[in-house]
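Visitor: how does the following fold in three dimensions:
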Amino acid sequence: MTTLAVAVASVLAALGALRWLRVAQREHYLAGSATRFALRWWASSFNPLLLIAGVALGSAAILTANPWSGAAAAAVVSVGPWGLSWRGRTSRLAWTPRLIRLALAGFVLLAVGVWAVTGYESAAWLLPLLMPVVVDLAAAVMKPVEGRLSAGWVAKAEAGLRRAGPRTVAITGSYGKTSTKVALAHLLNGVAPTVASPASFNNTMGLARAVNEHLAAGTEIFVAEMGTYGPGEIREMCRWVRPEVAVMTAIGPVHLERMGSLDAIAAAKREILEGASSGVLHIDNPHLARIADEESPRIEVIRVSNQDVDADVYVRSGGEIRVAGELIGSVSVPGVHPGNLACALGAVVALGFDPRHVIDRVASIPPTPHRSTVTVTESGVTVVDDTFNSNPAGARAAVDLLGAGSGRKVLVTPGMVELGPIQSEENRRLITDIAGRITDLVVVGRTNRKALVDGATAAGLASVIVVPDRESAVEWVRTHLTAGDAVLYENDLPDHYL
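Guide: Below is the predicted model:
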């Protein structure tokens with residue numbers, strides 16, 4: 001029986017590893033992510049009772065040396081945390097080479113654990129319980145290995161850039177990066193062959209892949225989006241991308257949970273300016289206004305704004321565009337934030353092109369998928385898709401796209417995440433600030449449910465609907481909205497969130 005107890009616990013642990021590998025993949029293989037989400041799930045709903053039952057059975061097994069009780073404990077803890085899918089509803093495992101390497105490392109560590117409990121079978125139930133920790137340990141072990149493996153792809157990309165010789169623009173910011181990149185690439189293609197990193201390929205391997213797969217002979221400008229989860233990442237990307245022009249769109253609390261403070265976020269993003277000749281900074285953001293003043297003695301700084309008409313580039317919400325104080329056009333582009341357009345035009349100026357030569361292309365800037373894109377269904381319902389956005393400023397701006405008609409104005413959201421200690425307050429404040437512009441709030445999931453409902457209650461919003469997942473929210477919208485109504489889908493969380 002004792003061998004069977006270890007075998008049962010080992011199989012359950014291996015099966016349970018699949019859900020934690022999925023979490024690790026979705027969280028960019030950051031060590032600690034699986035354990036962090038495990039703790040959140042175990043603390044939710046009736047999972048604490050399930051955990052207590054499993055630990056009680058396991059403790060009894062250890063105290064009595066009863067492997068049967070240990071096998072029962074393994075079964076109980078492997079069932080939980082209840083609600084976190086093994087297969088995944090919105091984000092299934094993608095068996096990439098990196099995930100396969102992580103899985104192999106994890107199973108080696110699991111084998112070590114199996115060996116450790118072979119002579120102490122009543123403790124085998126700990127194996128499935130501790131799989132999130134095992135996956136995180138595997139991620140930590142594999143980090144230097146992955147760094148070495150990626151070095152070859154980065155070297156190839158660096159050589160490709162040097163061989164093609166394009167001028168380079170790098171874009172970072174807490175939000176607005178992708179939309180600014182899309183706008184800039186569209187504008188620049190009017191004056192020079194331009195290639196931009198696709199989608200959200202904004203880390204080292206993503207940029208290396210973008211160069212290796214998309215940079216063609218004759219490319220004159222390469223536009224690189226750069227994201228970061230901590231200090232040093234952007235500096236390392238800039239080491240081989242070597243941007244001539246660096247663009248900073250915004251500093252906000254996105255990833256505050258990971259990075260600790262806005263100052264730390266600003267410092268990590270600021271690395272993009274270190275080797276650049278010119279910097280384009282959106283000075284409506286106080287952090288960027290300060291950085292612009294500090295960097296201006298060292299490099300050329302292009303200050304852009306959608307509030308300060310005296311900025312080097314000014315784009316008003318209504319469409320007025322001024323460069324160096326001169327009105328060069330008035331173009332309204334629905335779905336393109338004026339600040340992002342200002343950043344794109346600032347980069348055009350920094351590269352030495354006359355912005356008048358691209359002004360005719362402003363009106364045809366393509367929408368960025370899932371970022372304030374507006375469509376109208378066959379039934380006449382206006383749908384605003386902002387599901388790739390998760391920041392307070394962008395969420396407030398997206399509400400304006402619901403329009404001013406007399407129909408229902410519905411906000412569907414799970415709220416904003418990774419805001420650290422201010423997450424609850426920011427979600428509550430968002431609803432209190434916009435309650436007068438919406439008629440219904442549909443709260444998705446449990447992650448920010450209390451904060452969102454509290455905000456609606458404080459603002460006196462009468463219609464608040466709580467649903468377990470996005471599918472239920474979509475069904476509610478289809479059932480209740482008709483022609484003339486509008487719905488905003490604000491942010492969307494993968495199902496490893498509550």
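Visitor: next up, the contacts around residue 14.
Guide: With contact set as C-beta atoms under 8 Å, 6 or more residues apart in numbering, residue 14 has these partners: 107, 110. (Each C-beta comes from the backbone N, C-alpha and C, glycine too.)
Visitor: and what of residue 350?
Guide: By C-beta under 8 Å, 6+ apart, residue 350 lies in contact with 245, 278, 279, 280, 300, 302.
Visitor: separation between residue 440 and residue 172?
Guide: Plainly put, residue 440 is 36 Å away from residue 172 if you go by C-beta to C-beta, to the nearest Å.
Visitor: more crowded one of those two?
Guide: Neighbours around residue 440 and residue 172, counted as other C-beta atoms under 10 Å, are more numerous at residue 172. The numbers are 30 against 21.
Visitor: list the beta-bridge partners for the more buried one.
Guide: Residues in a beta bridge with residue 172, per DSSP bridges, are residue 248.
Visitor: I figured it hits residue 273, correct?
Guide: No: using C-beta atoms under 8 Å, residue 172 is not in contact with residue 273; the gap is 9.5 Å.
Visitor: overlap in contacts, these two.
Guide: In the contact map built from C-beta under 8 Å, 6+ apart, the residues linked to both residue 172 and residue 273 are 246, 248.
Visitor: adding pLDDT, secondary structure and distance to residue 159, write the contacts of residue 350 out as CSV.
Guide: As requested, the contacts of residue 350 are exported to CSV (pLDDT from 0 to 100; DSSP: H, G, I helix; E, B strand; the rest coil; distance: C-beta to C-beta, whole Å):
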residue, pLDDT, secondary structure, distance to residue 159
245, 97, strand, 22
278, 97, strand, 25
279, 97, strand, 27
280, 97, strand, 28
300, 96, strand, 29
302, 97, strand, 31
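Visitor: let me know the closest of those residues to residue 452.
Guide: residue 280 (35.2 Å; C-beta to C-beta).
Visitor: just the buried subset of the contacts of residue 350, written out for ChimeraX, thanks.
Guide: Only the buried entries of the contacts of residue 350 go into this ChimeraX selection, using 16 or more other C-beta atoms under 10 Å:
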select :245,278,279,280,302
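Visitor: just the strands in the stretch 1-150 of the chain please.
Guide: Listed in chain order, the strands of the stretch 1-150 of the chain (DSSP state E, counting those that start in this stretch) amount to none at all.
Visitor: mean confidence for stretch 282-296?
Guide: When pLDDT is averaged over stretch 282-296, the result is 95.
Visitor: buried residues of it, list them for me.
Guide: Across stretch 282-296, burial judged by 16+ other C-beta under 10 Å covers 282, 283, 284, 285, 287, 288, 289, 291, 292, 295.
Visitor: farthest pair in the residues you listed?
Guide: Distance extremes for the buried residues of stretch 282-296: the farthest pair is 284 and 295 at 16.8 Å, using C-beta to C-beta.
Visitor: which one of the contacts of residue 350 is nearest residue 451?
Guide: Of all the contacts of residue 350, residue 280 has the smallest distance to residue 451: 34.8 Å, by C-beta to C-beta.
Visitor: surely the closest one touches residue 340?
Guide: No: Residue 280 is beyond contact range of residue 340, at 11.4 Å (criterion: C-beta under 8 Å).
Visitor: can you read off the pLDDT for residue 2?
Guide: Predicted confidence (pLDDT) at residue 2: the value is 53.
Visitor: immediately after the helix or strand of the chain with the lowest mean pLDDT, which helix or strand?
Guide: In the chain, no helix or strand scores lower on mean pLDDT, DSSP states H and E than helix 256-259, which sits at a mean of 77. Using DSSP states H and E, the helix or strand that follows helix 256-259 towards the C-terminus is helix 262-270.
Visitor: all strands for the stretch 351-498 of the chain, in order.
Guide: Counting by DSSP E, counting those that start in this stretch, the strands of the stretch 351-498 of the chain are 373-376, 382-386, 409-413, 440-444, 463-467, 486-490.
Visitor: which stretch in these has the least confidence?
Guide: Per-stretch mean pLDDT for those is lowest at strand 373-376 (a mean of 86).
Visitor: could I have the CA atoms of it written out in PDB?
Guide: C-alpha atoms of strand 373-376 as PDB (Å, rounded to 0.1, in the frame of the first residue of the first chain):
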ATOM      1  CA  THR A 373     -12.100  49.700 -31.400                       C
ATOM      2  CA  VAL A 374     -15.700  50.500 -32.200                       C
ATOM      3  CA  THR A 375     -18.100  48.400 -34.200                       C
ATOM      4  CA  VAL A 376     -21.900  48.200 -34.700                       C
END
